[in-house]
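Colleague: Predicted model and sequence follow; I will ask about them next.
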Amino acid sequence: MDVNQPPARMRILIIRFGSTSEILLTTPVIRAISQQIEGAEIHFLVNRNNQDFFKANPRVAKTHVFQGDLSATVDALKAEGFDYIVDLQHNRQSKRICQQLNLPCSFLKTHAFKRWFFVRVKINTLPHQHLVERYFEAVEALNVKNDHQGLEYYIPDNEQFDTNDLPIFFEDGYVIINLDAKRNTQRIPTTKVVEIASILHKPVILLGGKEIRDIGQEIVSQLGDRAYNACGKFSFNQCASLIQQSACVLTGDSPFMHLATALGKPVCSLWGSTVPEFGEYPYMPGQRSMFRMFEICNLKCRPCSKTGFKKCPRRHFRCMKKISAVEVAEWINQF
């Protein structure tokens, strides 16, 4: 046998169509496969919204985009010559793709009924596991183990943000406040943001999409020079760079919560209609002091949804409004 011969390649396809949060939570699995399987070549199938997510990640050889045409997607994937599929989506579409590729496959156990039962009946039968740990169950057949090093995200060099471009008030550090989330009941209310920011030691940068830029401006009008409205101004990667250079991140249940975690920043998360028990809270193994979750646990209406609502179904939004701004600020001010 030629000892100089390179190891046999194993081409692996990972499937996950979900939100940016759910894609971020796959990164420990990607790292573990790349480090623990000699010759592994990882491809990833995502939806169109996340097609650029892995462009700076050296562990992912190629990203494939599912745009709704199942037949065309399957034909393109067949041409790649995969050896194995890891289905971390496990819905009807991903199952059909796996069936038509007809390759060895392992998949995520979704616990969809248990989440529905928790929301509707308020009895939690979900396993006490983070989603990352459940992702690793899907690669047990490959003998891949969790290295407990947390999430990771790679920011392209050409999208790093120069903080010298910020107003002078921010030169000694700042706190990121994320105003965005998938649904309104996962967002921190404007009044709560103002209340917290007004007692923080550092100025704040407000992040979010352009659709909430007016909300950001309303907050700035109350906080003055202590706040900078960056909503809708920068790309996802520029926002990641701003987060990476911040002192701490305040956020609701959102992609930026997981992004901050991946970048190793202290994360203060406020929970409204969704709950950490769903298994998608900040994932920082061995670094429990780096994140804090604030929630009102004795509300009988929580959780009211798996993903949140446009408005509070009970019209009181106590899950967010009753969180103590003083306690939140005290935790953030230590950084």
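Modeller: Happy to help now that I have it.
Colleague: tell me the strands in the stretch 51-200 of the chain, going along the chain?
Modeller: Under the criterion DSSP state E, counting those that start in this stretch, the stretch 51-200 of the chain contains strands at 60-66, 84-87, 105-107, 175-178.
Colleague: Please identify the deepest-packed of these.
Modeller: Greatest average neighbour count among the strands of the stretch 51-200 of the chain goes to strand 175-178 (a mean of 26), per mean count of other CB atoms under 10 Å. Heads up, the C-betas are built off the backbone N, CA and C, glycines and all.
Colleague: picking that back up, of all the strands of the stretch 51-200 of the chain, which lies closest to residue 113?
Modeller: Nearest of these to residue 113, taken as CB to CB: strand 105-107 at 16.1 Å.
Colleague: In its sheet, which strands sit next to that closest one, and in what direction?
Modeller: Sheet pairing here is set by DSSP bridges, and for strand 105-107 it gives strand 84-87 (parallel).
Colleague: which outside residues touch the partner strand?
Modeller: 10-15, 29, 33, 94-95, 98, 101, 103-108, 138-139, 142 (CB atoms under 8 Å, 6 or more residues apart in numbering).
Colleague: Could I get the strands of the stretch 51-200 of the chain in TSV, plus columns for mean pLDDT and distance to residue 310?
Modeller: Listed next are these as TSV, based on pLDDT from 0 to 100; distance: least, CB to CB, whole Å:
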stretch	mean pLDDT	distance to residue 310
strand 60-66	97	27
strand 84-87	97	31
strand 105-107	95	32
strand 175-178	98	18
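Colleague: could I get those strands as CSV with distance to residue 326?
Modeller: Below are these laid out as CSV (distance: least, CB to CB, whole Å):
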stretch, distance to residue 326
strand 60-66, 43
strand 84-87, 45
strand 105-107, 45
strand 175-178, 15
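Colleague: So which of these is nearest residue 325?
Modeller: Evaluated with CB to CB, the strands of the stretch 51-200 of the chain place strand 175-178 nearest to residue 325, the distance being 12.2 Å.
Colleague: helices or strands up against the closest one?
Modeller: Applying 3 or more CB pairs under 8 Å, 6 or more residues apart in numbering; DSSP states H and E, one finds that strand 175-178 contacts helix 190-197, strand 204-207, strand 248-251, helix 255-262.
Colleague: how about the CA coordinates for it, as CSV?
Modeller: Provided in CSV are the C-alpha atoms of strand 175-178 (Å, rounded to 0.1, in the frame of the first residue of the first chain):
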residue,chain,number,x,y,z
VAL,A,175,-23.6,47.1,23.4
ILE,A,176,-25.6,45.7,20.5
ILE,A,177,-29.4,45.6,20.9
ASN,A,178,-31.1,43.5,18.3
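Colleague: just how off-centre is that strand within its chain?
Modeller: Centre-to-centre, strand 175-178 and its host chain are 15 Å apart (CA atoms, centre = their mean, to the nearest Å).
Colleague: Mind listing residues that contact that strand?
Modeller: Counting by CB under 8 Å, 6+ apart, 188, 193, 196-197, 200, 202-208, 242-243, 246-252, 254, 256-257, 260, 332 sit against strand 175-178.
Colleague: do that again at 6 Å, thanks
Modeller: By CB atoms under 6 Å, 6 or more residues apart in numbering, the residues outside strand 175-178 that reach it are 193, 200, 202, 204-207, 243, 246-251, 254, 256.
Colleague: Which pair of these spans the longest distance?
Modeller: The largest distance within the contacts of strand 175-178, taken as CB to CB, falls between 202 and 254 and amounts to 20.8 Å.
Colleague: Ok, which of the strands of the stretch 51-200 of the chain comes nearest residue 154?
Modeller: The closest of the strands of the stretch 51-200 of the chain to residue 154 is strand 60-66. By CB to CB, the value is 9.6 Å.
Colleague: What pairs with that closest one, parallel or antiparallel?
Modeller: For strand 60-66, pairing defined by DSSP bridges yields strand 40-47 (parallel).
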